[in-house]
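Chemist: Next come a sequence and a model predicted from it.
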Amino acid sequence: MKFSDFVKVTAIKADLGSQDKPSVIRELVESLAAAGAVKEADVEGIVTAIMKREDLGSTGIGRGVAVPHTKHPSADKLIGTVGVSSEGVDFNSLDGDKVHLFFLLISPPDRPGDHLRALENISRQLRDDTFCRFLKQAKTSHDIQQLLEEADNNQFVA
Amino acid sequence: MPDTTASRMVTLLNPQGFHARPAHMFMKLASQFQCQVQILKGNEVINGKSILDLLTLGAGNGTTLCLRAIGSDADAAVDALARLVESGFGEQPAQSSP
């Protein structure tokens, strides 16, 4: 699976303003709503579900990366967005570091395979230090979009 | 003490596969051992103490993986990790979890 298969490019945020976990999750879900990828009426439910998942253990997987996610009945296919915070957000991540890169995923309840493929793709790309560093330095959503495209074209992973 | 190598094939039984939470549980348990922990899937060998590596497996329900440990406590590590995987990571079968 490629980034272009699930990332809603018009919902990408290069300059996340939020400074804590609930606000950054809300900011990303609202961005998906503004881009028309989720309904405004579902925003509350999705934010609540993602926070409930975080209560089971932070999705801040280390190296400044988090993959907040949930299943939601309103999703008819896997949808996601990417956000970058230059200051970093305290996310109770596994290594204790602040999170700079967010990959937020919403998947239909009955498709665990797609969610796994997306996690696989994200983690595979993020093992590349160059990709990680460039993403953290991205200043505009266009920069991020371009980096995701380059990753999709295997320009980071041999 | 000479290094020992232990390995075992395990099958993922939990319906959701090796997603973020199981990967975290696996990494936490693996990190309690001194030995190196690896997972082999096809031609790939990944570090079982790295959550990022574990997520790259993209391993779904029913996938068979080879656990391998190298070090003085390799046998104990493989035993414990195989038990964790085969317990289904505490997920209820056929129940959707977040």
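Modeler: Yes, it's here. Numbers count the residues shown, from 1 in each chain, chains lettered A, B, ... in the order given.
Chemist: what does chain B have sitting close to chain A?
Modeler: Counting by CB under 8 Å from any CB of the partner chain, the positions of chain B adjacent to chain A are B:15-21, B:24, B:27, B:51-53, B:55-61, B:96, B:98. Heads up, the C-betas are built off the backbone N, CA and C, glycines and all.
Chemist: So among those, which ones count as buried?
Modeler: Neighbour counting by 16 or more other CB atoms under 10 Å in any protein chain shown classes B:15-21, B:24, B:27, B:51-53, B:55-61, B:98 among those as buried.
Chemist: Leaving out sequence neighbours, find the closest residue to residue B:74.
Modeler: residue B:6 (4.1 Å; CB to CB, 6 or more residues apart in numbering or on different chains).
Chemist: So that neighbour versus chain A, what's the distance?
Modeler: 26 Å (CB to the nearest CB, to the nearest Å).
Chemist: residue ranges with poor pLDDT in chain B?
Modeler: Applying pLDDT under 70 to chain B flags residues B:1-2, B:92-98.
Chemist: what do you get for chain A?
Modeler: Residue ranges of chain A with pLDDT under 70: A:157-158.
Chemist: which SS class is the residue in chain B that chain A sits nearest to?
Modeler: In chain B, the residue that lies nearest chain A is residue B:58 (3.0 Å; CB to the nearest CB). Following DSSP: H, G, I helix; E, B strand; the rest coil, residue B:58 is assigned to coil.
Chemist: pretty sure it is in contact with residue A:116, am I right?
Modeler: Yes - Residue B:58 lies in contact with residue A:116 (CB atoms under 8 Å); the separation is 4.9 Å.
Chemist: Need the overlap of contacts for those two.
Modeler: Each of B:17-18 lies in contact with both residue B:58 and residue A:116 under the rule CB atoms under 8 Å, 6 or more residues apart in numbering or on different chains.
Chemist: coming back round to it: out of the residues of chain B next to chain A, list just those in helices.
Modeler: Of those, the ones assigned to helices by DSSP state H are B:20-21, B:24, B:27, B:51-53, B:55.
Chemist: of all those, which two lie farthest apart?
Modeler: B:21 and B:53 (15.9 Å; CB to CB).
Chemist: so where do the strands sit in chain B?
Modeler: B:4-11, B:36-41, B:44-47, B:64-71 (DSSP state E).
Chemist: which other helices and strands contact the first one?
Modeler: In terms of contacts (3 or more CB pairs under 8 Å, 6 or more residues apart in numbering or on different chains; DSSP states H and E), strand B:4-11 is packed against strand B:64-71, helix B:74-86.
Chemist: could the ones you listed go into CSV alongside mean neighbour count and distance to residue A:48?
Modeler: Formatted as CSV, the helices and strands packed on strand B:4-11 follow (neighbours: other CB atoms under 10 Å in any protein chain shown; distance: least, CB to CB, whole Å):
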stretch, mean neighbour count, distance to residue A:48
strand B:64-71, 19, 34
helix B:74-86, 18, 30
